[in-house]
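[1] Got a sequence here, can you build the structure:
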Amino acid sequence: MCSTLCLGMDYTNLRKIVFPRLMNLYQNFLLVLVIAHHCLSQSTRCRTPSISRPGSGVTGIRSNDHIQPWQCRQEMAWRDLGENFFPRFITEVRCSNSSCLGGQAFCRPVNINIKILKASDDSNCADPLLPTTLRSKWAFHDISMPVYCECSSA
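    This is a model prediction of the structure:
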């Protein structure tokens, strides 16, 4: 699967498999991140990524055996945001090694800010971007999510 995922696979079909209903921009963005991470994390031999199921309490690891001096080894792990959030589980990156470039630089996670839904009782702050049926019970909430590890001197 991994060679066809990066080379010549029709991503439209993959999108329909992962998200069978009509996708919104957020789901499209997450799918692009997953595909990009998968393609960038491939080593010389093809392997199936090992990510454990959410809620199992086991952290899945996806890292390269053949890492270059300027690269950082990273793990993918599930993060439980709690019952009041949707989606409840997200995957995030954790840097496995602390240094790179022979100890001259450090591996650090690079974060992006994403919007998720959080249960809310405050109907006065109804977000017009949400469908009318969800406005009284949910509100957008910004969280920071690490997406990859970077070798940096700062």
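
[2] Chain neighbours aside, what residue packs nearest to Leu130?
    Trp138 (6.3 Å; CB to CB, 6 or more residues apart in numbering). To be clear about C-beta, it is placed using only N, CA and C from the backbone, and glycine gets the same treatment.

[3] got the contact list for that neighbour?
    Residues near Trp138 by CB atoms under 8 Å, 6 or more residues apart in numbering: 86, 117-120, 130.

[4] So for stretch 134-147, what gets flagged as buried?
    135, 138-139, 141, 143, 145-147 (16 or more other CB atoms under 10 Å).

[5] hmm, back to that, the contacts of Trp138: which two are farthest apart?
    Ala119 and Leu130 (12.5 Å; CB to CB).

[6] what's the spacing between Leu101 and Gln74?
    16 Å (CB to CB, to the nearest Å).

[7] The helix or strand harbouring Cys149 pairs with which strands, and in what direction?
    Taking DSSP states H and E as the criterion, Cys149 maps to strand 138-152. Sheet pairing of strand 138-152 (DSSP bridges) gives strand 105-119 (antiparallel).

[8] Now the partner strand - C-alpha only, PDB.
    Taking C-alpha atoms only, strand 105-119 is exported to PDB below (Å, rounded to 0.1, in the frame of the first residue of the first chain):
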ATOM      1  CA  ALA A 105      20.900  21.400  16.900                       C
ATOM      2  CA  PHE A 106      17.700  20.200  18.600                       C
ATOM      3  CA  CYS A 107      14.600  18.400  17.500                       C
ATOM      4  CA  ARG A 108      11.500  20.300  18.200                       C
ATOM      5  CA  PRO A 109       7.800  19.800  17.300                       C
ATOM      6  CA  VAL A 110       6.200  22.200  14.800                       C
ATOM      7  CA  ASN A 111       2.600  23.000  15.700                       C
ATOM      8  CA  ILE A 112      -0.400  24.100  13.700                       C
ATOM      9  CA  ASN A 113      -3.500  25.600  15.200                       C
ATOM     10  CA  ILE A 114      -6.700  23.700  14.400                       C
ATOM     11  CA  LYS A 115     -10.400  24.300  15.300                       C
ATOM     12  CA  ILE A 116     -12.300  21.500  16.900                       C
ATOM     13  CA  LEU A 117     -15.800  21.500  18.500                       C
ATOM     14  CA  LYS A 118     -16.200  21.800  22.200                       C
ATOM     15  CA  ALA A 119     -19.400  21.200  24.100                       C
END
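
[9] Done for today, thanks.
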